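Participant: coordinates for the following, if possible.
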Amino acid sequence: MLAATARLARRPVQALAKDARAPGVALSSTVRQLSTDFSSYENIKVEKKEGRVALIELYRPKALNALCTPLINELNDATEKLDLDADVGAIVITGSEKAFAAGADIKEMQSKEYINAYTTNMFANWANLSKIQTPTIAAVNGFALGGGCELAMLCDIILAGEKAKFGQPEIKLGTIPGCGGTQRLIRAVGKSKAMELVLTGNMMSAQEAEAKGLVARIYPVEDLVDEALKMARQISSFSKPIVQMAKEAVNASYEMSLEEGCRFERRIFHSTFSTEDRLEGMTAFVEKRDPTFKHK
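Facilitator: You can find the predicted model right below:
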């Protein structure tokens, strides 16, 4: 129910973006208008940076960035708007040095009953983050536990500060992960390690998370966000539609057999030949110059 409501709520924005692509309408100016006002948010901070990147900071410092419903709603709203912004090629999501997010808001959930959790399809809208086309990078310092770990795994790339801690401690609260923790974790670290974390509530260090494949790279705490923005700028320097196609192809591997996935990849590869940026990229290579992508 909640997911259906979210889809309905997004239709006017998507329709406007589609209209913006019509002849005679400037896409960047129309979509940018949708994406500039983030001042009303109370639980996150949003800033557009140089190099076509955006930085989102989870901001509930007194609660170690516990993921309450208003925060998730604001995060979904911001990422959906940034996804439609022609001037944003990658999004970095971070928390504080102490905590990326210590988990879902337990106080908010404590008194809920089954019928409420079921009829509202609790946590379904968290997955909205994984559905946007723009690449997302989680810059994780401190604790990423429970819902915080799940939120990081919803992003495309996880970078960690050297003191980061990951875990799914829901078992200690008499429940289990509810936003993909039992599903995405096993794909990242394998069955045995995922079972250990889920069944014991133990935490995993940044170093072990990198060794197991959950984390792409580790940086000093004070350098993490800058390094994440640096990677985001690198991604944003390439053709936006081609980057989106590459993201789609990698994500498809979770849902397909190898043969199906390779066929899907090949068709996406073929489709890049309909873009101006593919021609520009190959022509620049042949002419031994840097490409100038138009994101078309």
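Participant: CA only for contacts and neighbour counts going forward, please
Facilitator: OK.
Participant: can I get stretch 126-143 as PDB, trimmed to CA atoms?
Facilitator: Once non-C-alpha atoms are left out, stretch 126-143 reads as follows in PDB (Å, rounded to 0.1, in the frame of the first residue of the first chain):
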ATOM      1  CA  TRP A 126      13.200   2.400   1.900                       C
ATOM      2  CA  ALA A 127      14.000   0.500  -1.300                       C
ATOM      3  CA  ASN A 128      13.100   3.600  -3.400                       C
ATOM      4  CA  LEU A 129      16.700   4.600  -3.000                       C
ATOM      5  CA  SER A 130      17.800   1.500  -5.000                       C
ATOM      6  CA  LYS A 131      15.500   2.400  -7.900                       C
ATOM      7  CA  ILE A 132      16.900   5.700  -8.900                       C
ATOM      8  CA  GLN A 133      19.100   5.800 -12.000                       C
ATOM      9  CA  THR A 134      21.800   8.100 -10.700                       C
ATOM     10  CA  PRO A 135      24.700   6.300  -9.000                       C
ATOM     11  CA  THR A 136      24.800   6.600  -5.200                       C
ATOM     12  CA  ILE A 137      27.800   6.300  -2.900                       C
ATOM     13  CA  ALA A 138      27.500   5.600   0.800                       C
ATOM     14  CA  ALA A 139      30.300   7.300   2.800                       C
ATOM     15  CA  VAL A 140      30.200   5.400   6.100                       C
ATOM     16  CA  ASN A 141      32.000   6.600   9.200                       C
ATOM     17  CA  GLY A 142      31.200   5.100  12.600                       C
ATOM     18  CA  PHE A 143      28.300   2.800  13.100                       C
END
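Participant: please report how far Phe270 lies from Arg278.
Facilitator: To be clear, residue 270 is His; Phe isn't right here. As judged by CA to CA, to the nearest Å, His270 and Arg278 stand 10 Å apart.
Participant: quick one, which of these two is more surrounded?
Facilitator: The neighbour comparison of His270 against Arg278 (other CA atoms under 10 Å) goes to Arg278, with 19 against 10.
Participant: leaving out the residues flanking it, which one is nearest to Glu227?
Facilitator: Using CA to CA, 6 or more residues apart in numbering and skipping the chain neighbours, the partner closest in space to Glu227 is Tyr219 (7.7 Å).
Participant: give me the beta-bridge partners of the one you found?
Facilitator: According to DSSP bridges, the partner residues bridging Tyr219 are Gly161.
Participant: what does the pLDDT read for it?
Facilitator: The per-residue pLDDT reported for Tyr219 equals 98.
Participant: wait, it sits on Ala160?
Facilitator: Yes - counting by CA atoms under 8 Å, Tyr219 touches Ala160, with 6.3 Å between them.
Participant: how much space separates the residue minimising distance to the centre of the chain from Ala249?
Facilitator: In the chain, the centroid-proximal residue (CA atoms, centre = their mean) is Cys155; its distance is 3.0 Å. Relative to Ala249, Cys155 is positioned 15 Å away (CA to CA).
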